[in-house]
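J.: got a predicted structure here, sequence first:
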Amino acid sequence: MSYQLTADADTVIRLDDGATVPRGHRFWAEYEDWLAAGGSPEPALVLEPGASERTWRDTEIERVKWLRERHRDEVDSARPTTMTVKQSGELLDYVQALRDWPASKHFPAKKYRPTTPDWVTEHAR
């Protein structure tokens, strides 16, 4: 496997499959291991403005999607739910804010990213 670091150094592109891996993603460790083993990234790739923020947004949606799915499964099977109705609504609002983030007039400024509900970390895997 080989990688190409983006110009902002916050994202790498896996060249074998084109996957984007933002800093902090679980696959970033594979990139660091590859570097430690002597890998040398291709020259920095200049991505379109906001590409790393879109990658962050996509990763964040994937990170919390299991919470939504677990809640739906619990409701569908008439089991007690792990999240409250209020938390479920907050989660859905957060995911929608993530989807809307690229259309925001403040995009891609990180300080305007949608804010993760505080309780989400309590439910982390």
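T.: Alright, I've got the coordinates. Numbers count the residues shown, from 1 in each chain.
J.: next structured bit after the least confident helix or strand in the chain by mean pLDDT?
T.: Ranking every helix and strand in the chain by mean pLDDT, DSSP states H and E puts strand 42-45 at the bottom, with a mean of 70. Downstream of strand 42-45, the next assigned helix or strand under DSSP states H and E is helix 51-76.
J.: tell me the mean pLDDT for that following helix?
T.: Across helix 51-76, pLDDT averages out at 90.
J.: and it, which residues are buried?
T.: 51-57, 59-60, 63-64, 67-68, 71 (16 or more other C-beta atoms under 10 Å). From N, CA and C alone the C-beta is placed, and that goes for glycine too.
J.: and for stretch 113-125?
T.: Buried residues in stretch 113-125 (16+ other C-beta under 10 Å): 113-114, 116-117, 120, 123.
J.: phi and psi next, for residue 22.
T.: Here is the backbone geometry of residue 22 (degrees, to the nearest 10): phi -80, psi 150.
J.: try residue 6
T.: Geometry field for residue 6 lists phi and psi as phi -80, psi 160, criterion degrees, to the nearest 10.
J.: looks like it contacts residue 54 (just checking).
T.: No - Residue 6 is beyond contact range of residue 54, at 11.9 Å (criterion: C-beta atoms under 8 Å).
J.: please parse the chain into its domains.
T.: 3-45, 51-123 (automatic domain parsing).
J.: for those, which has the smallest mean pLDDT value?
T.: domain 3-45 - the lowest mean pLDDT of the domains of the chain, at a mean of 79.
J.: determine how far that domain lies from the middle of the whole chain.
T.: 15 Å (C-alpha atoms, centre = their mean, to the nearest Å).
J.: may I have stretch 27-36 as PDB, with CA atoms only?
T.: The C-alpha atoms that make up stretch 27-36 are tabulated as PDB, following Å, rounded to 0.1, in the frame of the first residue of the first chain:
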ATOM      1  CA  PHE A  27      -6.800   4.000   9.400                       C
ATOM      2  CA  TRP A  28      -4.400   6.900  10.100                       C
ATOM      3  CA  ALA A  29      -2.500   4.500  12.300                       C
ATOM      4  CA  GLU A  30      -1.900   2.200   9.300                       C
ATOM      5  CA  TYR A  31      -0.400   5.300   7.500                       C
ATOM      6  CA  GLU A  32       1.900   6.000  10.500                       C
ATOM      7  CA  ASP A  33       2.900   2.300  10.600                       C
ATOM      8  CA  TRP A  34       3.700   2.500   6.900                       C
ATOM      9  CA  LEU A  35       5.800   5.600   7.400                       C
ATOM     10  CA  ALA A  36       7.700   4.000  10.300                       C
END
